[in-house]
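*Asks:* Next input, structure requested:
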Amino acid sequence: MPSEQKPMRYGHTEGHTDVCFDDSGSCIVTCGSDGDVRIWENLDDDDPKSINVGEKAYSCALKNGKLITAVSNNTVQIHTFPEGAPDGILTRFTMNANHVVFNSDGAKIAAGSSDFMVKVVEVADSSKQKTFRGHDAPVLSLSFDPMDIYLASASCDGSVRVWKVEDQTCVTNWLLLQKCNDVINAKSICRLAWQPGSGKLLAIPVDKVVKLYRRETWDNQVDLSDTSITQPLNVVVWSPCGQYLAAGSVNGSIVVWKVETRECTERMKHEKSYSICGLAWHPRYEQIAYTDTEGNLGLWEDIGDGKKPNDKVASTVTKDYEDLFDGDDDDYLNGDMIEPPSSPNTGANEDHGDDDDLMPTSGHPRRAIIDDDDNSLDIGMIKANSNLLEKEEDDDDQIGGFPALPTSSTQQPFYDGPRPTPRQKPFQSGSTPVHLMHRFMVWNSVGIIRCYNDEQDNAIDIEFHDTSIHHATHLPNSLNHTMADLSTEAILLACESTEELASKLHCIYFSSWDANKEWTVDMPKDEDIEAICLGQGWAACATSALLVRLFTVGGVQKEIFCLPGPVVSMAGHGEQLMVIYHRGTGFDGDQCLGVQLMELGKKKKQILHGDPLSLTKKSYLVWVGFSAEGTPCYVDSEGIVRMLNRGLGNTWIPVCNTREHCKGKSDHYWVVGIHENPQQLRCIPCKGARFPPTLPRPAVAILPFTLPYCQVTTEKGQMEEQYWRSVVFHNYVDYLSKNGYELDENAKSQPVKEQQELLMKLFALSCKLEREFRCVELADLMTQNVVNLAIKYASRSRRLNLAQRLSEMAVEKASELATALEDEEEEEEEDFRTHLNAGYSTSATEWGRLPGRSAQQDQEMEEAEETNGYEEAEGTPEVPKQRPNPFSKAVSSAEVITPKSAVIASSSQGRVNPFKVSSNKKDPLVPSSNVLDTMSKYSKKISSSRAVNKQSSPVIKPLIPKPKSKQASAASFFQVRTPGSSEKRVGEREEKAGHEPPEVQVTAQDNTENKRPKTGFQMWLEENRANILTDNPDLNEAEVIKEGMSRFRILSSEERMVWTEKAKGGAVTDLTEDKKRKRPTAAEDEAKKNEEQKSEDSNVSKKKKPLDQATNVRLSSFAFKQS
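*Replies:* Predicted structure coming up:
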């Protein structure tokens, strides 16, 4: 029967095209430079189905219901077939991919690109990629060995290489082609092909001949040529049986050889002599489909030489082959069964046909037999499998609920590994399904948008919960908008594209102050909006081109960024944008989603960089948004509500399980909003459904939050859950205050109070249960005041060991508090200094020189004071309340007589603890062993707490007299450091002693021995002490100081400066004495030590050195001369 050449027909715009058949051969698939893939039922099909895959498609391959295309955006994409739904990106290159092919079972694809790279990617898991490097020019074409051992590639560098796929090594390399610098300049695209079945021969079109190379030996077996070939050959393709080879040339000739005899059996010439760039052999019939560089498609039928030499094999092949694809089977392959279920939560029992579509490689026997891309048929396999007919007949129906297949196709056991999950479709949070005639487009904390689409009307109704924002609105829906979002300043609507119209984003900015409140923007051709959201002053949409486009709310286009996968949903709040997308393919019912969280304020930054989104097993996402306070949250189909825990490194914490509140199995809660203060989950109960109807108007229910802590039925578990819930639900307070929002003090203090009460209850409970270690752990979470309370409770419960440990902790907490306060003060101070400094260069030493005397005094005062206060706190009865200081006279005289030697001596000793019990018993400073005993007890504490504070042991100064009164020394602790009296803070400050239990009260006496000038705060306190006491008569001394301190800090900086100046004025008189006392060496020594101290004190952030008094006086008189 003579071959027949059908008239060609227009398929694509002019340019490179590619062609292949689907697995059953029931349709022809072409792609072209218009970016479309067209599915033709036959050559006469006047309305082929069209799938747009990009701007230009360079190559396509089809197998197992997966359509792979190499597209102009440098990606290799995957679409479902025949629906054409995008199914993700398999791999990316830095330039265009020129050719893609499947391996024989469809599990892997190979792609060659203009960036000289070849990649082999697994279809089921695109993260498994192998890269083959070695070509020095763009890759022209590829072919997979049917046995999956080798991969052949041709390149513009003139070479054809054979690679071993397993270890990515080049097995052989022939220089056969003419070199060129790019695919468009290549004489031939050199589409090479392995012989189907055994892969015994590799056919390579080289100029006007086809060279056949033998497998393993890689020698040139034979050349096929014909006189009708006058121009270079572009592409070769084998018949599925492996007996015939067809080749197409650049001037439109197609020739078929019978390989065994090397004779040319058929010749054909293109009607317009255009270059043939695509050839595909039908998997069942003697047909070849071909395409040319002008975008036309042709079909050549009834090829072959009538009488076939090896009738037996051929007839077996034909018979078995026909059996494989009888009528029912074709319907099964091409019908709707392959379509994935509309809802991603289809259970295993509903998965009827969709598993077939998703089944990897060996699932369907026929998949393994036909290699559509190389159009191959494995004779060996068919022969072998024809013996298996009897065996697995009855198994088919049971596995995964497949319909019974024809008996002849039961050749292989079914694949029963993990099955890929169909990807969840994009959705808008708070919307009901699009196919409903009356539906919610969005229901959020601002309002409700409903859509009516019936015979009479296609309209949108907008209603605001708070009508003071805007009145209710009715809009016509002529563009058929399917997505909507609503904020307090705008309404955002979007529609998908139709054949005539592009996808549009429409915004009604009702809070605009000008007359034009609406704007619309069209997406580029073939780009559909899939999700939209509104924030404060901005709008965003995610599109099918894996882009997120940002706009101002007035319509200015802003940044665009790429998404790593297809979008699922997005949400906006204030400056935050959250996007959820597919990170990859999930398996066994799980979705594989990622989340990006960005802040679009002045400093744009990404908070979550595509982190995996945790969902309950076999569930999918149903709602994503922000709480009213701005914390990201999402809900999955199992009813678990999760919230971002900013307090634990931006992790997700489950805060509610709505299923626990459902009465029936098929009831659900449809979430519409989340509030953290008060803690409310606002949702609509849906009886027997996942979403509510628009009429009657659904009622909103409020559910409480509970964190899934263990044993919440017990008192301990319940309080722990309440405590941590309070912590998690008040993280937003810190977040908002960091971002410049002002919160009233009550909002901040209320949760802290609540948390501390819970901790105290837990502490009491642990005390009762005699779990003292747990008590200390709980105290670690408490604030300083509550620790004091805990100390009282412990001592009243007769747990002195616990009380002692807690008082150590209290000292640490006090020092931390002091550190924080000082840091704040010094910041203010530095602002003032820089103000004074304007226009003058002041050397660091001048700012930083410390008055030797006052630093030493301060140090000693602190240490002695701490010792005193501490022993009282511990309640040791031997020590009298007002203890005379045994050191005062001896030390003061020593200090006055030999300050220089003392300083030197102490520095030569290194940093030593002055209170440590030394082995040298002849120490002149120790009058009584009794005192030393009580001190050594404390010295251990100091040293241990110093170890905690990063070993920043202080520099020891010579001892000086202790003040008579405690009050003065307490004041010296709590005073606000101003430039006049500020000294470098030393390690001892970390055990801050203003922390005696309130029972210890002391009388105020004048400090005659302490020559240190008063600070501004002390002067202010003296004048205002009476006011504080009248307001709070029951305060003790330490509390008076504390209260005074907080009041002093409320004063404006100018008022504080005035007090500071007064204090400085008083300081002048002491100055002469101070100068006499100061010796140059001592001062230098002091400065050195301070340097050392500074480098060691890693807990303290770097600060400027405080002023010495002389400098202060000079500066202050200069700065305030005019006033």
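*Asks:* quick one: contacts for Phe464?
*Replies:* By Cβ atoms under 8 Å, 6 or more residues apart in numbering, the residues touching Phe464 are 446-447, 470-472. Placement of C-beta: from N, CA and C, glycine included.
*Asks:* For those residues, which ChimeraX command selects only the ones that are buried?
*Replies:* To isolate the buried members of these in ChimeraX, using 16 or more other Cβ atoms under 10 Å:
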select :446,447,470
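*Asks:* Show me what the longest helix anywhere in the chain is packed against.
*Replies:* When the chain is scanned for its longest helix (criterion: DSSP state H), the result is helix 800-837. For helix 800-837, the elements it packs on are helix 772-781, helix 784-796, helix 852-874, helix 929-948, helix 1053-1077, judged by 3 or more Cβ pairs under 8 Å, 6 or more residues apart in numbering; DSSP states H and E.
*Asks:* how much space is there between Leu778 and Leu817?
*Replies:* Distance of Leu778 to Leu817, given as Cβ to Cβ, to the nearest Å: 19 Å.
*Asks:* Between those two, which has more neighbouring residues?
*Replies:* Leu778 (23 against 15; other Cβ atoms under 10 Å).
*Asks:* my guess is the more buried one meets Phe763, correct?
*Replies:* Yes - look at Leu778 against Phe763 with Cβ atoms under 8 Å: they come within range, at 4.9 Å.
*Asks:* before we move on, back to that, now intersect the contacts of Phe464 with the strands, please.
*Replies:* Gly447 (DSSP state E).
*Asks:* What is the most widely separated pair among the contacts of Phe464?
*Replies:* Spatial extent of the contacts of Phe464 (Cβ to Cβ) is set by the pair Val446 and His471 at 13.6 Å.
*Asks:* quick revisit: which of the contacts of Phe464 sits closest to Gly649?
*Replies:* Val446 (31.0 Å).
*Asks:* what sits against the closest residue to Met268 other than its chain neighbours?
*Replies:* Nearest residue to Met268, sequence neighbours excluded (Cβ to Cβ, 6 or more residues apart in numbering): Ile254, at 4.6 Å. Contact analysis of Ile254 by Cβ under 8 Å, 6+ apart lists 246-248, 266-270, 276, 279, 288, 290, 300.
*Asks:* How is Ile254 assigned, secondary-structure-wise?
*Replies:* Three-state assignment for Ile254 (DSSP: H, G, I helix; E, B strand; the rest coil): strand.
*Asks:* cool, Asn746 as well?
*Replies:* With three-state DSSP as the basis, Asn746 sits in helix.
*Asks:* how far away is Asp45 from Pro196?
*Replies:* 28 Å.
*Asks:* how long is stretch 496-514 end to end?
*Replies:* 29 Å (Cα to Cα, to the nearest Å).
*Asks:* list the buried ones in that stretch?
*Replies:* If you call a residue buried by 16+ other Cβ under 10 Å, then stretch 496-514 has these buried ones: 496-497, 502-510, 512.
*Asks:* what's the spacing between Val236 and Ile189?
*Replies:* Distance from Val236 to Ile189, by Cβ to Cβ: 11 Å.
*Asks:* And for Leu821?
*Replies:* In terms of Cβ to Cβ, Leu821 sits 76 Å off from Ile189.
*Asks:* Looking at the two, which has the bigger crowd around it?
*Replies:* Just comparing Leu821 and Ile189: by other Cβ under 10 Å the higher neighbour count belongs to Ile189, 26 against 17.
*Asks:* low-scoring stretches of the stretch 401-550 of the chain, by residue?
*Replies:* Applying pLDDT under 70 to the stretch 401-550 of the chain picks out residues 401-413.
*Asks:* what are the ranges of the strands in it?
*Replies:* Secondary structure of the stretch 401-550 of the chain (DSSP state E, counting those that start in this stretch): strands located at 438-443, 447-453, 458-464, 473-476, 483-486, 491-495, 504-508, 518-522, 529-534, 538-543, 547-552.
*Asks:* Go ahead and produce PDB holding the CA coordinates of the fifth one.
*Replies:* Output for strand 483-486, consisting of C-alpha atoms alone and laid out as PDB, is shown next (Å, rounded to 0.1, in the frame of the first residue of the first chain):
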ATOM      1  CA  MET A 483     -11.500  37.200  43.700                       C
ATOM      2  CA  ALA A 484     -11.900  40.000  46.300                       C
ATOM      3  CA  ASP A 485     -10.300  41.500  49.300                       C
ATOM      4  CA  LEU A 486     -11.400  44.300  51.600                       C
END
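*Asks:* Neighbouring strands - and their directions - for it?
*Replies:* Applying DSSP bridges, strand 483-486 is found paired with strand 491-495 (antiparallel).
*Asks:* quick check: angle from the partner strand to strand 538-543?
*Replies:* With axes from the mean of the first three to the mean of the last three Cα atoms, to 10 degrees applied, the angle from strand 491-495 to strand 538-543 works out at 20 degrees.
*Asks:* what angle do strand 491-495 and strand 458-464 make?
*Replies:* Interaxial angle, strand 491-495 versus strand 458-464 (the same axes, to 10 degrees): 160 degrees.
*Asks:* quick one: strand 491-495 to strand 447-453, angle?
*Replies:* 30 degrees.
*Asks:* buried sites along strand 491-495?
*Replies:* For strand 491-495, by 16+ other Cβ under 10 Å, it's 491-495.
*Asks:* Stretch 140-149 too?
*Replies:* 140-146, 149.
*Asks:* so how far does it reach from one end to the other?
*Replies:* 21 Å.
*Asks:* average pLDDT for that stretch?
*Replies:* Average pLDDT, stretch 140-149: 90.
*Asks:* got it, and stretch 212-228?
*Replies:* On average, stretch 212-228 scores 86.
*Asks:* Quick check: end-to-end length of it?
*Replies:* Start and end residues of stretch 212-228 are separated by 19 Å (Cα to Cα).
*Asks:* if I look at Leu759, how far off is Thr261?
*Replies:* 93 Å.
*Asks:* likewise Ser155?
*Replies:* Ser155 is 32 Å from Thr261, by Cβ to Cβ.
*Asks:* same check, this time on Thr291
*Replies:* 29 Å.
*Asks:* Same drill for the two, tell me which one is more crowded.
*Replies:* Taking other Cβ under 10 Å, Thr291 and Thr261 do not tie; Thr291 has more neighbours (28 against 11).
*Asks:* quick one: the more buried one and Leu297 touch, right?
*Replies:* Yes - taking contacts as Cβ under 8 Å, Thr291 lies within contact range of Leu297: 5.3 Å.
*Asks:* list residues touching both of those two?
*Replies:* Contacts common to Thr291 and Leu297, judged by Cβ under 8 Å, 6+ apart, are 11, 17, 19, 30.
*Asks:* My understanding was that the first one contacts Gly295; is that so?
*Replies:* The reference is to Gly11. Yes - in this structure, Gly11 is within contact of Gly295 by Cβ under 8 Å, at 5.5 Å.
*Asks:* my read: Cys662 touches Cys686, true?
*Replies:* No - Cys662 is beyond contact range of Cys686, at 9.3 Å (criterion: Cβ under 8 Å).
*Asks:* Now the common contact residues for those two.
*Replies:* By Cβ under 8 Å, 6+ apart, the residues touching both Cys662 and Cys686 are 668-669.
*Asks:* quick one on the thing from earlier: which one of the buried residues of strand 491-495 sits closest to Cys451?
*Replies:* Once Cβ to Cβ is applied, the member of the buried residues of strand 491-495 that ends up nearest Cys451 is Leu493, at 9.7 Å.
*Asks:* Enumerate every residue touching that closest one.
*Replies:* Contacts of Leu493 by Cβ under 8 Å, 6+ apart are 441, 460, 481, 483-484, 505-508.
*Asks:* Mind telling me which of the helices and strands packed on helix 800-837 the model trusts least?
*Replies:* Among the helices and strands packed on helix 800-837, helix 929-948 scores lowest, with a mean of 41.
*Asks:* Spatially, and excluding backbone neighbours, which residue is closest to Asp526.
*Replies:* In space, Asp526 is closest to Asn52, 4.2 Å off (Cβ to Cβ, 6+ apart).
*Asks:* Please apply the same query to Lys1062.
*Replies:* Here the residue nearest Lys1062, using Cβ to Cβ, 6+ apart, is Met1019, at 5.6 Å.
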